[in-house]
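Peer 1: test case, fold it:
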Amino acid sequence: MTEKRVFVHRLHLFIIRGFVDYPVLTWGSVVLSLAIACWGWLNFVYPEWFAEGPFISALQVYFAGLVGVVFTVFCLVLLFDFSQRKRIMWMDMAWQFHHYQNATPPPHLLDYMMRMADVFNVGGPFRAFLASYPEDAMPTTEVVRNHLKMLLDEQRNNKG
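Peer 2: Next up is the predicted model:
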């Protein structure tokens with residue numbers, strides 16, 4: 001990934017974590033930014049409503065339009081991230097699997113795979129597979145992921 005794409009991806013993840021960890025604060029910022037955007041657009045479209053005197057500066061009108069545009073974009077980004085949060089999180093997990101494909105899986109990916117194995121009732125065989133390797137010679141992420149997929153497929157075939 002390029003540096004710009006990594007920055008944008010991390011920004012989206014930061015916003016999604018805001019919705020998960022601090023929902024009231026994040027939704028409050030959405031409502032506040034929407035109110036400021038509406039105020040900016042109203043000042044831009046109807047500047048005479050908010051004028052203190054008989055004359056309105058063109059700079060004030062353009063500034064109100066700029067405020068409307070900036071806060072509208074900010075609010076739309078927040079709402080886009082909220083509506084696409086599951087897809088963005090899955091993309092992040094896929095990117096991490098791809099990034100660590102030929103390396104030892106980091107602890108957060110191992111924890112994720114163990115939780116997934118527990119959810120699908122193959123936690124015992126999966127943990128036995130991991131325990132068969134010494135701690136300093138763990139297999140690559142690709143091998144661990146493929147073994148988990150194999151266990152899930154076997155379980156699915158046994159049920160069907």
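Peer 1: SS state for residue 56?
Peer 2: Each residue gets one of three states, and residue 56 gets coil by DSSP: H, G, I helix; E, B strand; the rest coil.
Peer 1: okay, buried residues for the helix or strand of the chain with the lowest mean pLDDT please.
Peer 2: None of the helices or strands of the chain scores lower by mean pLDDT, DSSP states H and E than helix 85-99, at a mean of 83. The neighbour-count check on helix 85-99 (16 or more other CB atoms under 10 Å) flags 85, 88, 96-97 as buried. Using the backbone N, CA and C atoms, a C-beta is placed for each residue, glycine as well.
Peer 1: next: stretch 67-86.
Peer 2: 67-68, 71-72, 74-75, 78, 81-82, 85.
Peer 1: likewise for stretch 48-66?
Peer 2: 60-61, 64-65.
Peer 1: residue 113: how many residues sit nearby?
Peer 2: The tally of other residues near residue 113 (other CB atoms under 10 Å) stands at 19.
Peer 1: again, but for residue 124
Peer 2: Around residue 124 there are 11 residues (other CB under 10 Å).
Peer 1: then the one 4 residues further on?
Peer 2: The burial count assigned to residue 128 is 9, neighbours taken as other CB under 10 Å.
Peer 1: just the angle between the helix or strand where residue 118 lies and helix 85-99, please?
Peer 2: Using DSSP states H and E, the element containing residue 118 is helix 107-119. Relative orientation of helix 107-119 versus helix 85-99 (axes from the mean of the first three to the mean of the last three CA atoms, to 10 degrees): 120 degrees.
Peer 1: how far is helix 107-119 from where the chain is centred?
Peer 2: Offset of helix 107-119 from its chain centre (CA atoms, centre = their mean, to the nearest Å): 19 Å.
Peer 1: which elements pack onto that helix?
Peer 2: With contacts defined as 3 or more CB pairs under 8 Å, 6 or more residues apart in numbering; DSSP states H and E, helix 107-119 has these neighbours: helix 85-99, helix 123-131, helix 141-159.
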